[in-house]
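> Sequence first, then the predicted structure:
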Amino acid sequence: MAANGAQQAFEPILAAHTTMQSGANRTQKEQAHQFLEQFQKSSEAWTATIAMLQADGVDAAAKLFAVTTLKGKIVYDLHQIPRASLPELRQSIMTNLVTFRNGPKPIRLQLCVCLANLAIQWTEWKDVLPLVVTTLGTDPATLPCVLDFLRVLPEEVTHGRKINLTESELQLRTGELLEENAQQALNLLTQYAQSSPAAAQNPQLLNCITSWMRELSLDAIVASPLLKVIMNALAVDEPFEAAVECFCSLIGETKDVDETMNAIQILAPQVMSLRPMLAAAASEEDSEKFKGIAKIFAEAGESWVLLVARMPSEFRVLVEAIIETASLDKERDAISHTFKFWWDLKQYLTIEKYMQARLEYMDIYSQLVDIMISHLEYPKPESGNEKDLFEGDREQEEKFREFRHHMGDVLKSCCEVMGITECLKKPYQLIEKWVQAHGVHATANNVPEWQKLEAPLFAVRAMGRMVPPEESIMLPRLIPLIVQIPDHDKVRFQAIMALGRYTEWTAQHPETLQPQLQYIMNAFDHPTKDVLRAAALSFRFFCMDCASDLVEYVQPLQQFYMKNLEKLPRSSQEEITEGVASVLAKVPLDQLYNTLKAYCEPLMHGIVNIAKEANDDEQKKLIADKVIIVTIFFDIVKPYVPPSEDHPAVKYCAEVFPILGELLTHFHDFVPILEQVCRCWRYQISSYRTHMRPLLPNLANKLTQGFETSKQGCFLWVTASITREFSQGEEGVDKPTADAVFLFYEQQAKTFLRVLNDLPPEEVPDLIEDFYRLGSDMVLYYPMDCITSPLMDTVLLAACSALTLLKEEPLLSTLHFLRDLLGYGRNLAPSSSFDPSRQEVPQALQNRVKELVVGAGTNLVQRIMTGMMYSFPEGCFPDASGVLLDMFELMPQQVANWVQQTVAMLPAGSITPQESERFLNNIKQRIETGDIRMIRTILQDFTTSYRRRNVAPREGLGRLEASRFRFSG
């Protein structure tokens with residue numbers, strides 16, 4: 001009957017778990033998830049999980065859920081069990097370990113994790129390891145349980161920061177469980193390894209050694225029989241993977257080479273003894289063994305890299321072994337293990353102190369360049385289908401693309417060690433060799449052995465970042481060769497991308513500009529999309545870096561631009577536009593208006609023509625895309641013009657203003673157009689700054705009307721730009737203009753508050769984010785007007801309402817606004833300025849901030865603490881606790897009272913009176929000692945601990961529920 005009662009007790013849990021595993025609909029799964037989450041944090045979970053583990057009719061998946069829940073209870077909720085009952089819990093876990101001694105392994109392992117976490121927190125339990133070994137280690141059938149426990153104990157102690165112990169308690173317990181047991185653990189592992197040949201090859205044993213590696217003396221391990229066990233296991237298939245991890249961990253413990261030299265002298269020969277296995281694995285095509293041995297060599301190289309640089313004669317054999325792994329790795333499965341070593345070694349070899357080692361390794365780096373370029377080659381498909389080089393293996397294709405860029409980084413390291421000239425010479429010779437062997441046979445549709453041409457071109461491209469603009473030996477020979485590369489899509493793509501990497505060099509060698517640019521411009525007629533994209537990107541770099549040389553060609557460039565713009569994908573349209581705009585930015589001021597108009601006018605005509613006919617979303621989206629292109633010109637073409645003179649670009653801004661304004665009016669319900677028009681105006685403001693003053697009245701009217709009509713946050717983007725550029729005290733901004741800008745902000749703020757009055761925050765999260773970004777700007781640029789405004793009281797209440805959101809970005813925006821606002825409650829302003837008068841906060845303004853805090857403090861503290869305990873994303877915690885800290889610094893006693901009130905309103909049973917009292921006393925003590933900043937840590941620790949143990953009640957938060965924001969303005 002009792003068993004049936006227990007079965008009935010957890011029947012709903014099994015049903016919910018079955019629902020989660022089944023094909024039930026989303027609503028049912030969400031309900032089941034909520035139920036299980038609630039169950040996991042309840043007190044009933046203790047008995048239910050034990051009962052589920054012991055019940056016969058429960059499947060393995062449900063038992064795994066039960067033991068995972070039990071682990072969570074021990075980690076987070078051990079306080080729910082009286083200390084006198086802990087021996088009974090320990091006995092239950094050990095009994096279940098005996099039951100699951102033969103598996104399933106995940107359940108057995110999780111039970112060991114439960115036992116380890118119980119041992120960490122149950123500080124009165126002193127004989128942890130002896131008791132476990134005595135109870136479970138005498139029967140060979142339960143030895144796997146002991147090995148699992150030995151493996152997880154150091155891991156759980158080391159990662160015990162989730163445990164509800166203080167730092168000092170955890171440190172003391174770590175010493176008791178690990179340091180005091182280290183020798184016993186070493187003896188146990190050694191005894192087990194020597195008990196039988198099978199034991200010595202048991203992966204569990206090797207996993208235990210790995211886990212205890214940091215706790216045991218390095219010299220003790222190296223001197224013990226365990227080193228031989230590890231080395232022997234590398235020759236056997238079953239324990240091979242565990243042996244590799246174990247040996248790598250052992251080598252990793254020797255990174256402090258001066259302290260561990262004795263161990264290194266023992267380990268280095270052992271490592272080098274594996275080199276024959278490398279060649280054997282490669283010839284046998286045993287990829288797993290090859291990767292494992294390669295990983296060991298790479299780990300040794302990374303750990304002993306200082307010795308490699310300091311003692312090149314002694315450690316050259318290791319470097320040769322590492323380069324051999326790269327050379328033999330035909331499938332490119334293991335080569336990634338070596339990448340970090342080459343970078344680390346380069347870091348040392350480029351120091352003057354290690355110049356001799358650099359010279360001694362020069363030949364190895366020379367080999368490395370050859371090996372990397374050979375690995376860069378595309379495969380030759382056995383089917384002969386050039387259109388599918390990887391024969392349908394998309395994973396392999398993606399892996400190859402990713403590896404190419406990593407190999408490019410290795411080539412950059414080679415450039416630093418060998419020098420750029422020697423490195424560039426190698427791809428140059430390969431390209432020249434290909435031209436001599438195959439150049440005469442190449443046609444537009446047939447490029448023989450193109451892989452051997454494309455790979456060195458990729459290498460040239462990869463090295464581009466390392467080549468100084470003054471290089472005068474290889475590039476004058478390489479560039480003319482590249483612009484004659486035949487027209488194969490992948491080869492042409494790589495040649496164009498390579499040229500785009502050397503535009504800074506071309507700017508200093510303008511005599512090479514024309515053939516390169518012509519080669520790239522011809523590619524705009526290529527049928528392959530990838531080549532088109534490459535051409536647009538390289539064209540952008542050429543125009544940006546060689547703009548001064550291209551100014552005289554601004555008219556033919558305009559014809560080329562208009563001819564090719566429409567054939568390109570959108571991203572390439574933006575790139576080619578950025579290119580020509582960079583050239584326009586160099587045009588003399590007296591020609592700028594006409595030139596800018598010549599480029600933009602066709603685009604504006606196109607927008608007008610499409611707008612006349614636009615009646616579906618696709619056409620409207622096309623308008624938004626066209627506005628993006630026009631915006632690029634206003635973003636880039638911004639030459640300096642003295643504030644006292646008219647800006648020629650602003651003259652054109654005034655001409656297009658009516659068209660942009662009409663787009664807002666006509667497409668008031670199509671958000672992409674609204675966003676792009678506002679973005680265009682925002683860039684005009686940030687580019688031309690106070691020169692835009694003549695357009696401000698009309699612009700403000702359009703923004704006000706548009707925001708009232710659409711309720712879209714993009715109108716606040718422009719508002720923020722205006723408030724930043726036209727704040728009082730900025731050069732060229734008089735008081736009437738600044739006052740008008742502030743009134744404009746207040747109009748936008750009232751519209752926002754009306755929206756929040758009509759709609760709950762969760763329906764307008766993006767608008768909230770945009771408004772409080774604007775709010776931060778207003779506090780920083782108009783502190784006196786903004787903070788003393790009667791509207792600020794309401795804006796602060798709206799912020800409290802916004803803090804009920806679950807989305808990170810609007811929460812961060814709101815929290816940043818609050819921190820900026822509270823910053824003015826202190827003597828020094830949170831904004832930086834070279835004007836001392838703007839750094840010191842007037843006393844009246846400080847008092848106003850404190851007045852605002854008093855008015856909204858109760859609500860604000862409730863919302864932030866509730867968010868930290870229940871709903872805020874993790875990324876919000878630093879700023880949320882920062883707001884509370886700012887409030888404590890302004891009025892500590894008052895805020896402490898609000899915190900006390902908030903804790904008193906928590907749902908019944910979610911916190912014990914002792915916890916509440918300890919938390920509030922800690923705050924009180926910090927206030928009394930004046931150590932206010934420590935309160936932030938206390939708040940974070942309390943809310944984090946609370947959150948782990950509690951979920952928001954389904955019936956709501958009761959007195960902590962947020963009230964609805966109201967605004968009647």
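Yep, it's here.
> what pLDDT does Glu245 get?
As predicted, Glu245 sits at a pLDDT of 95.
> ok, now the one 5 residues further on?
In this prediction, Leu250 carries a pLDDT score of 95.
> Can you check my assumption that it lies in a strand?
No: under DSSP: H, G, I helix; E, B strand; the rest coil, Leu250 sits outside any strand and is assigned helix.
> correct me, but Leu803 touches Ser813?
No: shown here, Leu803 and Ser813 do not form a contact pair, counting by Cβ atoms under 8 Å, at 11.0 Å. Placement of C-beta: from N, CA and C, glycine included.
> Compare the two (neighbour count), which wins?
Leu803 (27 against 24; other Cβ atoms under 10 Å).
> which residues does that one contact?
Leu811, Thr814, Leu815, Leu860, Arg863, Ile864, Gly867, Ala962 (Cβ atoms under 8 Å, 6 or more residues apart in numbering).
> quick one: contacts for the residue nearest to Leu136 when sequence neighbours are not counted?
Nearest residue to Leu136, sequence neighbours excluded (Cβ to Cβ, 6 or more residues apart in numbering): Thr142, at 4.4 Å. Neighbouring residues of Thr142 by Cβ under 8 Å, 6+ apart: Leu97, Val98, Arg101, Leu136.
> least trustworthy helix or strand in the protein by mean pLDDT?
Using mean pLDDT, DSSP states H and E, the weakest-scoring helix or strand in the chain turns out to be helix 836-839, at a mean of 63.
> Can you name the next helix or strand after that helix?
helix 843-866 (DSSP states H and E).
> So for that following helix, what gets flagged as buried?
845-846, 848-850, 852-853, 856-866 (16 or more other Cβ atoms under 10 Å).
> where in the stretch 751-900 of the chain is pLDDT low?
In the predicted model of the stretch 751-900 of the chain, residues 832-838 satisfy pLDDT under 70.
> can you pull out the helices in it?
Per DSSP state H, counting those that start in this stretch, the stretch 751-900 of the chain carries helices over the ranges 765-781, 783-788, 791-802, 808-823, 836-839, 843-866, 877-890, 892-904.
> would you turn these into a markdown table with distance to Asp758?
Shown next, in a markdown table, are the helices of the stretch 751-900 of the chain (distance: least, Cβ to Cβ, whole Å):
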| stretch | distance to Asp758 |
| --- | --- |
| helix 765-781 | 12 |
| helix 783-788 | 24 |
| helix 791-802 | 12 |
| helix 808-823 | 17 |
| helix 836-839 | 38 |
| helix 843-866 | 20 |
| helix 877-890 | 27 |
| helix 892-904 | 29 |
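> For Ile50, find the nearest of those.
helix 892-904 (32.6 Å; Cβ to Cβ).
> From the chain's centroid, how far away is the closest one?
Distance of helix 892-904 from its chain centroid, counting by Cα atoms, centre = their mean, to the nearest Å, is 36 Å.
> Stretch 459-470 too?
Centroid displacement of stretch 459-470 relative to its chain, using Cα atoms, centre = their mean, is 28 Å.
> Report the buried residues of it.
Quick answer for stretch 459-470 (16+ other Cβ under 10 Å): Ala459, Val460, Arg461, Ala462, Met463, Gly464, Met466, Val467.
> Stretch 593-606 too?
Neighbour counts using 16+ other Cβ under 10 Å place Tyr593, Thr595, Leu596, Lys597, Tyr599, Cys600, Leu603, Met604, Gly606 of stretch 593-606 among the buried residues.
> can you dump the C-alpha coordinates of that stretch into PDB?
The C-alpha coordinates for stretch 593-606 follow below in PDB (Å, rounded to 0.1, in the frame of the first residue of the first chain):
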ATOM      1  CA  TYR A 593      26.800  70.100 -54.500                       C
ATOM      2  CA  ASN A 594      26.700  69.400 -58.200                       C
ATOM      3  CA  THR A 595      28.600  66.100 -57.900                       C
ATOM      4  CA  LEU A 596      26.500  64.900 -55.000                       C
ATOM      5  CA  LYS A 597      23.300  65.700 -56.800                       C
ATOM      6  CA  ALA A 598      24.600  64.000 -60.000                       C
ATOM      7  CA  TYR A 599      25.000  60.700 -58.000                       C
ATOM      8  CA  CYS A 600      21.900  60.900 -55.800                       C
ATOM      9  CA  GLU A 601      19.300  62.500 -58.200                       C
ATOM     10  CA  PRO A 602      18.800  59.300 -60.300                       C
ATOM     11  CA  LEU A 603      18.300  57.400 -57.000                       C
ATOM     12  CA  MET A 604      15.800  59.900 -55.800                       C
ATOM     13  CA  HIS A 605      13.900  59.900 -59.100                       C
ATOM     14  CA  GLY A 606      13.800  56.100 -58.800                       C
END
